[in-house]
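Colleague: dropping a prediction and its sequence here:
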Amino acid sequence: MYVSTPAIIIKTQKYKEFDEIITAFTKKFGKVSMFAHSSKRIKSKLLSGTQVFSYVDMELDLRQTSSRLFNSKSNDSFYNFSQNLHKYYLASYLCEIIDKTQTENQTELRLFDVFLQTFRIMKDKEVDLRLLRLIFELHLIDALGIKPNLLSCSICRQTNPDLLHNIDMTTGTLVCDECLKLKTPNIFTLDKNLIRFIKYVYNKNIEVSVNAKISPILVEMLDEFNYNYILSFYGDLKLHSIEILKQEEKYDKSRTSRPSN
Ligand SMILES: [Zn+2]
């Protein structure tokens, strides 16, 4: 099937001397791996439209397996990420987690928009990149269909936020302090303010939520929550990019918390 779609290039693998296997997260068809003939040749019309982190308009022959890329025109380029290590590692992480959690040829329109918007914020704005990652992860969790239900206790249905701190990590539902006595395995306890922040993220545009003032302790807690939540539903994704990204986040934090003078 001959189709065209906007897409972001998330992975490239060299194949023979001048060819590549490209993995793109496309707007219309979700993740698609495709063969790009001669894309490494200097004169190839595919050369600029097959770089990792590029946002492109592509034309391809879409098949169940072995799709082929015919044309790819760069729309917006994010390769300036390579001039800032933290942005580069974050972009690599976003691409890898999308690659590892998405199924081939399954459309995820909202996640595509979130992904593109995150790249644009990284390119154009000065924001806390760690918080941006965590907000992206919350939206990813939503797109994966495992968004936590943070409205009421899943057992007694009560909605008093003062009693709702515990989240059952196998179902993604809240268990109030009273019902916790009945049920204890795989519970993660969250601060009330963090629950409020997570709800806020789900109700706002990323550009708004990334500028929210949130204490470092809550950021730490959210990081731990996201990690364990994704682990609980997906198992270990074995992401290569996360360790080095976390080191960069620590380095950035120590740099920004140093007195400026
Ligand atoms: Zn309850």
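Modeller: Perfect, thanks for sending it.
Colleague: show me where the stretch 101-250 of the chain has its helices.
Modeller: Here the stretch 101-250 of the chain has its helices, by DSSP state H, counting those that start in this stretch, at 109-124, 129-143, 192-203, 206-209, 216-234, 242-256.
Colleague: and of these, who's closest to the ion?
Modeller: Closest approach to the ion among these (C-beta to the ion): helix 192-203, 14.7 Å. The C-beta positions use only the backbone N, C-alpha and C, and glycine is treated the same way.
Colleague: so that closest one versus helix 216-234, what angle?
Modeller: Interaxial angle, helix 192-203 versus helix 216-234 (axes from the mean of the first three to the mean of the last three C-alpha atoms, to 10 degrees): 70 degrees.
Colleague: in helix 192-203, what counts as buried?
Modeller: 194, 195, 197, 198, 201, 202 (16 or more other C-beta atoms under 10 Å).
Colleague: with stretch 143-159 instead?
Modeller: Within stretch 143-159, the residues scored as buried using 16+ other C-beta under 10 Å are 143, 148, 150, 153, 154, 155.
Colleague: let's have the residues you listed in TSV, adding pLDDT and distance to the ion.
Modeller: Formatted as TSV, the buried residues of stretch 143-159 follow (pLDDT from 0 to 100; distance: C-beta to the ion, whole Å):
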residue	pLDDT	distance to the ion
143	95	29
148	96	16
150	94	14
153	95	3
154	93	8
155	93	4
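Colleague: could you identify the pair within the buried residues of helix 192-203 that is furthest apart?
Modeller: Pairwise distances across the buried residues of helix 192-203 peak at 13.0 Å for 194 and 202 (criterion: C-beta to C-beta).
Colleague: how many other residues sit next to the nearest residue to residue 245 once chain neighbours are set aside?
Modeller: Closest residue to residue 245 apart from its sequence neighbours, by C-beta to C-beta, 6 or more residues apart in numbering: residue 89 at 4.3 Å. Per other C-beta atoms under 10 Å, the neighbour tally for residue 89 reads 22.
Colleague: tell me the angle the helix or strand hosting residue 89 makes with helix 242-256.
Modeller: Per DSSP states H and E: residue 89 is located in helix 85-101. For helix 85-101 against helix 242-256, the angle between stretch directions is 150 degrees (the same axes, to 10 degrees).
Colleague: the residue nearest to residue 245 is in contact with residue 243, isn't it?
Modeller: No. Counting by C-beta atoms under 8 Å, residue 89 stays clear of residue 243, with 9.7 Å between them.
Colleague: relative to the whole chain's centre, how far out is the helix-or-strand element of the chain with minimal mean pLDDT?
Modeller: When each helix and strand of the chain is scored by mean pLDDT, DSSP states H and E, helix 242-256 comes last, with a mean of 88. On the basis of C-alpha atoms, centre = their mean, to the nearest Å, helix 242-256 sits 18 Å off its chain's mean C-alpha point.
Colleague: other residues contacting it?
Modeller: Applying C-beta atoms under 8 Å, 6 or more residues apart in numbering, the external contacts of helix 242-256 come out as 85, 86, 89, 90, 92, 93, 129, 130, 133.
Colleague: residue 56: which of the residues you listed is nearest?
Modeller: Using C-beta to C-beta, those come closest to residue 56 at residue 92, 18.0 Å.
Colleague: can you pull the contacts of the residue nearest to the closest one when sequence neighbours are not counted?
Modeller: Of all residues not flanking residue 92 in the chain, residue 241 sits nearest, at 4.6 Å (C-beta to C-beta, 6+ apart). Applying C-beta under 8 Å, 6+ apart to residue 241 gives the contacts 89, 92, 93, 96.
Colleague: same thing but at 10 Å, please
Modeller: 88, 89, 90, 91, 92, 93, 94, 95, 96, 97 (C-beta atoms under 10 Å, 6 or more residues apart in numbering).
Colleague: how far away is the third one from residue 224?
Modeller: Translated: residue 90. According to C-beta to C-beta, to the nearest Å, residue 90 and residue 224 sit 19 Å apart.
Colleague: quick one: strands adjacent to the lengthiest strand in the chain?
Modeller: For the chain, the longest strand by residue count, based on DSSP state E, is strand 2-15. If you go by DSSP bridges, strand 2-15 pairs up with strand 19-26 (antiparallel), strand 55-61 (antiparallel).
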